[in-house]
Each structure stands twice: as C-alpha cells, then as structure tokens.
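A.B. asks: How does the following fold in three dimensions:
(one chain, ligands or ions: 1)
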Amino acid sequence: MSEIKTYEIITVPDPVLRQTAQAVSRVDDAIRKQMDRMLQTMYDAPGIGLAANQVNLLNRVLVMDLSRREEGSAAAPIFMANPEIIWESEEISVMEEGCLSIPKQLADVERPAEVRVKYLDYHGKEAELTAEGLLSHCVQHEIDHLNGVLFVDYLSRLKRNMLLKKAEKICKQQVL
Ligand code: NI
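C.D. replies: Take a look at the predicted model:
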C-alpha cells in the first residue's frame with residue numbers, strides 16, 4: 001500500500017473541467033509532490049493518464065503511464081509540466097478513448113496519428129516526446145484537459161450529450 005495521499009477525481013459536469021489551466025513557472029518540490037499524488041490517484045482509479053483539472057488544480061501538469069502494471073512489469077510514469085504539441089502528423093488515427101472524469105463511457109476519437117510534445121520533466125528539465133498509437137492519443141487527450149477540452153467534444157452533439165448524460169447519472173449514483 002502506498003503512503004502517498006491521493007486526490008478526489010472531478011467528474012462531469014464540474015466546470016473546472018472546462019477551464020484553461022495556467023503554465024507553471026518552474027517545476028519545484030510542490031509541483032513534484034502534486035505529480036506524485038496525481039500519479040497515485042491515476043494508478044488507484046485505475047487509468048493511464050490524468051490532468052490537473054481532473055483533480056481540481058488549474059496548472060499545466062499531467063501524468064501518464066501506459067505500462068500494464070502487471071505483477072513483475074515495472075511502472076513507467078511520464079510526468080509533464082507545460083506540455084506543448086510542436087508537431088503533428090497529417091496522418092489520422094482513430095482509437096477508442098475513455099476518461100476518468102466521464103465514467104464508463106467509451107467512444108472512437110480521431111486525432112493526428114503522431115505528435116511531438118515539448119515539456120518540462122519531473123526535474124524541471126526541457127524534454128521532448130514523440131508519440132504514436134495509444135501514447136499519442138493519451139498525451140493529446142491529457143493536453144486537451146488542460147485547455148478545458150474533453151474527448152466527447154470530438155463527437156457529434158447527439159453522441160456527446162448521450163455519453164455525458166449517462167456519465168452524470170453514474171456520478172450521481174456514486175455520490176448517493
Ligand atoms: Ni480524460
């Protein structure tokens with residue numbers, strides 16, 4: 001069991017999910033502590049990505065880990081502050097996405113197949129990541145969160161409203 005304190009995950013229709021997160025001035029111990037807590041929150045959920053808005057914080061921080069975390073497989077966390085997409089492929093990829101803030105809803109989302117992201121790492125050093133496949137979808141999905149964008153925004157209005165309605169119903173039941 002971990003001793004790291006976790007956050008509560010914010011779900012729709014909380015307005016914080018629609019706000020734009022602000023850049024951090026640097027990655028200091030407070031940000032690293034936030035990253036650790038976000039990672040643990042994501043592992044507990046469980047999920048493969050989590051952005052600051054989803055834990056009610058409005059700074060540009062996200063965490064991801066696509067390793068399967070089976071017994072014996074090492075965790076492979078990726079921490080990003082101030083992530084920025086600096087290149088994207090013309091080629092498009094369609095993949096099923098879900099979101100911890102929109103519980104139990106999945107839908108196919110179209111995105112650039114490959115992206116390059118510039119960011120500050122856990123130690124505050126400038127870094128770049130070129131991502132394709134699931135990691136590409138994940139990092140674009142999480143950066144969207146920092147801009148108040150949800151994956152359902154890429155769907156038709158009909159489908160979006162249907163998924164949000166179902167998710168909100170599930171969230172209400174969990175509170176009761
Ligand atoms: Ni999400």
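A.B. asks: Which residues does the helix or strand of the chain with the lowest mean pLDDT contact?
C.D. replies: Ranking every helix and strand in the chain by mean pLDDT, DSSP states H and E puts helix 157-175 at the bottom, with a mean of 93. Helix 157-175 has contacts (C-beta atoms under 8 Å, 6 or more residues apart in numbering) with 11-13, 102-105, 107, 152-153, 155. Bear in mind the C-beta positions are built from the backbone N, C-alpha and C, glycine included.
A.B. asks: Please identify the buried residues of that helix?
C.D. replies: 160, 163-164, 167, 171 (16 or more other C-beta atoms under 10 Å).
A.B. asks: Centre of the chain to that helix, how far?
C.D. replies: 19 Å (C-alpha atoms, centre = their mean, to the nearest Å).
A.B. asks: any weak-confidence spans in this structure?
C.D. replies: 1-2, 68-72, 175-176 (pLDDT under 70).
A.B. asks: Strands of that one, residue ranges please.
C.D. replies: 49-51, 61-64, 78-88, 92-99, 102-112, 114-120, 126-132 (DSSP state E).
A.B. asks: Using a markdown table, lay out these together with distance to residue 3.
C.D. replies: Shown next, in a markdown table, are the strands of the chain (distance: least, C-beta to C-beta, whole Å):
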| stretch | distance to residue 3 |
| --- | --- |
| strand 49-51 | 19 |
| strand 61-64 | 18 |
| strand 78-88 | 19 |
| strand 92-99 | 27 |
| strand 102-112 | 27 |
| strand 114-120 | 26 |
| strand 126-132 | 28 |
